[in-house]
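J.: here's my sequence, what's the structure:
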Amino acid sequence: MRSSAVALVLLLVNVCACKSDPGAPEPAVEPAALAIELNIASTPSEAKVLLEGAELGTTPYRLKLKKSTQLTVEKAGYVPQTLTLGPDSEPNVVVKLTPLEAVPAVAPAGDSAKAPAAEEPRPAGPVFDTVTKAKAALKSGRIDRVKYDQVIRQLKTRSDLKLDKLKELYQKGRIDKVEYKRREAVIESEYKG
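T.: Model prediction:
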């Protein structure tokens with residue numbers, strides 16, 4: 001009985017081997033299915049890492065990529081840099097940001113005098129970047145209930161926009177579920193403070 005079972009297995013192996021085309025190429029593993037973990041650092045550190053306009057975090061930052069994508073690294077006072085990274089990239093990436101004052105200013109055509117830099121408008125009143133800070137200001141009497149409600153709506157809108165952009169990246173397959181959940185928690189934490 002045992003020899004007939006062995007013979008049957010050998011027969012099936014030979015039949016399967018005959019049906020396959022020996023000249024056919026082996027199925028390739030899609031590069032998109034492979035993920036690489038990248039460590040992104042910058043000089044100076046604590047620069048924002050953006051994917052399609054959505055802020056993922058600050059440098060140093062660890063990211064898993066399944067396919068080639070463009071990331072932007074930016075920091076206030078420095079020229080932003082866009083990088084194309086993918087599964088074939090080096091695992092450790094260091095971005096050297098150039099200070100804005102090191103970039104020569106271009107004068108408008110026909111104007112030989114250097115135009116003064118426009119000052120950024122300053123927001124009127126205190127700025128609250130978290131719900132916790134707004135609640136503390138309300139309790140201390142620095143702002144009234146109307147201003148508090150306005151601040152909370154602004155914070156919620158900003159948080160919702162970031163979450164929508166993050167969800168879009170996840171749905172497109174640009175980031176994996178782990179990265180999506182991690183960044184979602186960071187955004188919610190920033191909102192609440």
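J.: hey, C-alpha coordinates of the helix or strand encompassing E190 in CSV?
T.: Following DSSP states H and E, one finds E190 within helix 177-192. C-alpha atoms of helix 177-192 as CSV (Å, rounded to 0.1, in the frame of the first residue of the first chain):
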residue,chain,number,x,y,z
LYS,A,177,-2.2,50.7,8.6
VAL,A,178,0.4,50.9,11.3
GLU,A,179,1.6,54.3,10.1
TYR,A,180,-2.0,55.5,9.7
LYS,A,181,-3.0,54.5,13.2
ARG,A,182,0.2,56.0,14.7
ARG,A,183,-0.2,59.3,12.9
GLU,A,184,-3.9,59.4,13.7
ALA,A,185,-3.1,59.2,17.4
VAL,A,186,-0.5,62.0,17.1
ILE,A,187,-3.0,64.3,15.4
GLU,A,188,-5.7,63.6,18.0
SER,A,189,-3.1,64.2,20.8
GLU,A,190,-2.1,67.5,19.2
TYR,A,191,-5.8,68.5,19.1
LYS,A,192,-6.5,67.7,22.7
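J.: and the longest strand for the protein?
T.: Longest strand in the chain, counting residues (DSSP state E): strand 36-43.
J.: which helices and strands sit right next to it?
T.: The criterion is 3 or more C-beta pairs under 8 Å, 6 or more residues apart in numbering; DSSP states H and E, and the helices and strands that strand 36-43 contacts are strand 61-65, strand 69-74, strand 92-96. From N, CA and C alone the C-beta is placed, and that goes for glycine too.
J.: quick check: next helix or strand after that strand?
T.: By DSSP H and E, the next helix or strand past strand 36-43 is strand 48-51.
J.: what residues of the helix holding E190 count as buried?
T.: E179, Y180, R183, I187, E190, Y191 (16 or more other C-beta atoms under 10 Å).
J.: what's the closest non-adjacent residue to the last one?
T.: It stands for Y191. Excluding the flanking residues, the one nearest Y191 by C-beta to C-beta, 6 or more residues apart in numbering is S159, at 4.1 Å.
J.: you'd agree that neighbour is in a strand?
T.: No: read with DSSP: H, G, I helix; E, B strand; the rest coil, S159 is helix and lies in no strand.
J.: burial measure for it, as a count.
T.: 16 (other C-beta atoms under 10 Å).
J.: how about the helix or strand containing K147: buried residues?
T.: Taking DSSP H and E as the definition, K147 sits inside helix 145-171. Within helix 145-171, the residues that count as buried by 16+ other C-beta under 10 Å are K147, Y148, V151, I152, L155, S159, K162, L163, K165, L166, L169, Y170.
J.: farthest pair within those?
T.: By the measure C-beta to C-beta, K147 and Y170 form the most distant pair in the buried residues of helix 145-171, at 34.8 Å.
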